[in-house]
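>>> With the sequence up front, the predicted model follows.
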Amino acid sequence: MSATDIHDPNRRDFLYIATGMAGVVGAGALAWPFIDQMQPDASTLALASVEVDVSSLQPGSSLVVKWRGKPVVVRNRTDKEMKDGAAVSLNDLKDPIARNANLPADAPATDANRTTPGKEAWMVMVQVCTHLGCIPLGQEGDFGGWFCPCHGSVYDTAGRIRKGPAPENMAIPVFKFISDTKILIG
Amino acid sequence: MSEGHSTYTPKTGLGRWFDARMPLPRLVYDSFVAYPVPRNLNYMWTFGGILSIMLVSQILTGIVLAMHYTSDTTLAFDSVEKIMRDVNSGWLLRYLHSNGASFFFVAVYIHIFRGLFYGSYKTPRELLWILGCIIYLLMMATGFMGYVLPWGQMSFWGATVITGFFSAIPLVGNWIQELLLGGFAVDNPTLNRFFALHYLLPFMIAGVVVLHIWALHVVGQSNPTGIEVKSKTDTVAFTPYATIKDAFGMIVFLFVFAYFVFYLPNFLGHPDNYTVANPLKTPAHIVPEWYFLPFYAILRAITFNIGPINSKLGGVLCMFGAIAMLFLVPWLDTSKVRSAVYRPWYKLFFWLFVADAILLGWLGSQPAEGSYVFMAQMATLFYFAFFLVVMPVLGLIETPRRLPNSITEAVLEKKNKGAGGHPAGAVSAPETKG
């Protein structure tokens, strides 16, 4: 190294760095719209609420509505299905968190926390497997809840993951009963 | 090879005029006519050429199909049926394209296994090998997005499952998945961007193929003995020797390809993809195209949490890791001997690995339940053990067989044996094949 390699920063160094930084910021600003356009657009984001009439649902049956492009299941559980769900110890659950958008994020996955107070028979749930997004089949599987045909995840009657590769319980969307027979999702 | 001087001499005035300004004819002559290739290349070395014509075939049929296809969820399925029924020769072009994708993968798998058997990835061909791995990755992305375009049930649910991989990434996973989908589920924005990218990627493949061939022509071809070319007698000219051999290989390959196109056009497809996509109903049994099945089996084999990594992320990591292994092969294999011909133990494990890959492929096509899951877990374990244990350890403990001194010696030895075990040096009968 010769002495000329080491010198105090001068005006020229400042100009090099300033020009380089302006180039980086400019390139980033130009790249952003190209990434941004890939995000969900305004029409996709427009949050639709869905009103569902559940008066026809007998215990043991369910119906599916489409909400934000995804199927939401409403299932009127039988007494046995509710008992099965309530009898499960939290220690037996792969995912001990309720995943209920109507409750705090750390609520435990008890059967009651997977439903809404006073309407414990009703499961309202995004029927999308938390593994890779398939639609599980209702009233199927070892626990009588849901079974995902894609990769073999088994959910119980409260939609909690019990067996197979899925990591989380199926999600409960924001919803409320606006009358005894009507549910508002979203 | 690279150090060889160009022997191209333009014969016409126009040829000299071009050569002084832009020596493209010289490049072609040096690369595909005078280029020296090892004299002992077998038919496993014809798959590079076969892959090139498959790429050209896919691009040609693809561009024509794009002229009749509509990438809108309400029209895509019908536009494909229109190609099949109304467009003149549309059925042929589509079957050439869909089966062409499968045969592209048949050829690339033979090409990759050829490289693994003969140690084609060893120094100085690491970069050549990695460029090939990049082509393979681009092929997988292209094949996957192409399968989504007909908008059948398998298209839709295949896209849902594969984009779901990205949601396994901690923290930013959901954002990336929404970025890929352009929404919260596979829908019209997804189909449109997949069509645009499916059209783009083959040209990127073509670009990397140019780099692949460039790298090949710098280091020269490997050969079945794995011994470097040492003298002129070890090589023959690309034209006519390799050209004719490649052409014959292509004809045989295209013969099988044509049999599928004309007699079994849907054998490699799935009947569910002739049902229009339905976002509210998952088919009873989702399977990807056959060429993804081994990786699909690995993905599904991880049904348990590994420490802080949940089963979903674990499956995705193993699946991508299975492909990443290929990139690391030049450094995982510690043996100084290239070719499995001279490595008895590696040869055994190589064929076990081939059997394991086929087993994984079969398991990927079966439902993920019962004993299939356990078998897939064992097969996945062997898959990774082959790369991470067998390859490094075998190179250190294996005693290779004696290597011939040169390619020429190896060829003559084989010829003498073929002629009935004459002692080395004896003149073999000219009418017997080597």
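Right, received. Where do you want to start? Please read these numbers as outputs of a predicted model, since none were measured by experiment. Numbers count the residues shown, from 1 in each chain, chains lettered A, B, ... in the order given.

>>> Return the residues of chain A in contact with chain B.
Listed as neighbours of chain B in chain A under the rule C-beta under 8 Å from any C-beta of the partner chain: A:35, A:38-41, A:44, A:64, A:66, A:68-71, A:94, A:130-137, A:148-152, A:164-167. C-beta here means a position set from N, CA and C on the backbone, and glycine is covered the same way.

>>> where does chain B have low pLDDT?
Scanning chain B for pLDDT under 70 picks out the ranges B:1-4, B:418-434.

>>> Tell me how many other residues surround the closest residue to B:Leu137 other than its chain neighbours.
Once flanking residues are discounted, B:Leu137 sits nearest to B:Ile323: 6.9 Å by C-beta to C-beta, 6 or more residues apart in numbering or on different chains. Other residues near B:Ile323 come to 14 when the count uses other C-beta atoms under 10 Å in any protein chain shown.

>>> can you pull the contacts of B:Ile323?
Neighbour list for B:Ile323: B:Cys133, B:Tyr136, B:Leu137, B:Met140, B:Phe295 [criterion: C-beta atoms under 8 Å, 6 or more residues apart in numbering or on different chains].

>>> Looking at the residues you listed, which one is closest to B:His68?
B:Met140 (25.6 Å; C-beta to C-beta).

>>> so what's the closest one up against?
Contacts of B:Met140 by C-beta under 8 Å, 6+ apart are B:Tyr291, B:Phe292, B:Ile323.

>>> Could you check how far B:Ala237 is from B:Thr7?
10 Å (C-beta to C-beta, to the nearest Å).

>>> residue ranges with poor pLDDT in chain A?
Looking at chain A by pLDDT under 70, you get A:1-6, A:47-48.

>>> quick one, helices of it?
A:11-36, A:42-45, A:79-86 (DSSP state H).

>>> Among these, which comes closest to B:Leu403?
Of all these, helix A:11-36 sits nearest to B:Leu403, with 52.4 Å by C-beta to C-beta.

>>> ok, back up a step: go through the contacts of B:Met140 and flag which are in helices.
Using DSSP H, B:Ile323 are the members of the contacts of B:Met140 that sit in helices.

>>> Kindly indicate which of the contacts of B:Met140 lies nearest A:Ala87.
Nearest to A:Ala87 among the contacts of B:Met140: B:Phe292, at 40.9 Å, using C-beta to C-beta.

>>> list the contacts for the closest residue to chain A within the stretch 51-200 of chain B?
As assessed by C-beta to the nearest C-beta, chain A sits closest to B:Gly164 within the stretch 51-200 of chain B, at 3.4 Å. The contact partners of B:Gly164, by C-beta under 8 Å, 6+ apart, come to A:His131, A:Leu132, A:Gly133, B:Gln177.

>>> Could I get the contacting residues of the first one?
For A:His131, the contacting residues are A:Cys148, A:Cys150, A:His151, A:Ser153, A:Gly164, A:Pro165, A:Ala166, A:Pro167, B:Gly164, B:Lys312, by C-beta under 8 Å, 6+ apart.

>>> Check the second one too.
Counting by C-beta under 8 Å, 6+ apart, A:Leu132 makes contact with A:Cys150, A:His151, B:Thr160, B:Val161, B:Ile162, B:Gly164, B:Phe165, B:Ser167, B:Lys312.

>>> Confirm for me that B:Cys133 is in contact with B:Phe327.
Yes - assessed by C-beta atoms under 8 Å, B:Cys133 is found in contact with B:Phe327 at 5.1 Å.

>>> about what we covered before: for B:Leu332, find the nearest of the helices of chain A.
The nearest among the helices of chain A, by C-beta to C-beta, is helix A:11-36 at 35.4 Å.

>>> Relative to A:Glu51, how far out is A:Ala121?
Taken as C-beta to C-beta, the span from A:Ala121 to A:Glu51 is 20 Å.

>>> Which one (most neighbours) among the contacts of A:Leu132?
Going by other C-beta under 10 Å, A:Cys150 tops the contacts of A:Leu132 with 28 neighbours.

>>> what's the nearest residue to it if we skip its chain neighbours?
For A:Cys150, the spatially nearest residue (C-beta to C-beta, 6+ apart) is A:Cys134, at 3.9 Å.

>>> Next: B:Asn42.
Using C-beta to C-beta, 6+ apart, the nearest residue to B:Asn42 is B:Pro224, at 5.7 Å.

>>> sorry, back to before: which ones among the residues of chain A next to chain B are found in strands?
Among these, the ones falling in strands (DSSP state E) are A:Val64, A:Lys66, A:Lys70, A:Pro71, A:Leu137.

>>> Show me what the last one is bridged to.
Using DSSP bridges, the beta-bridge partners of A:Leu137 come out as A:Phe147.
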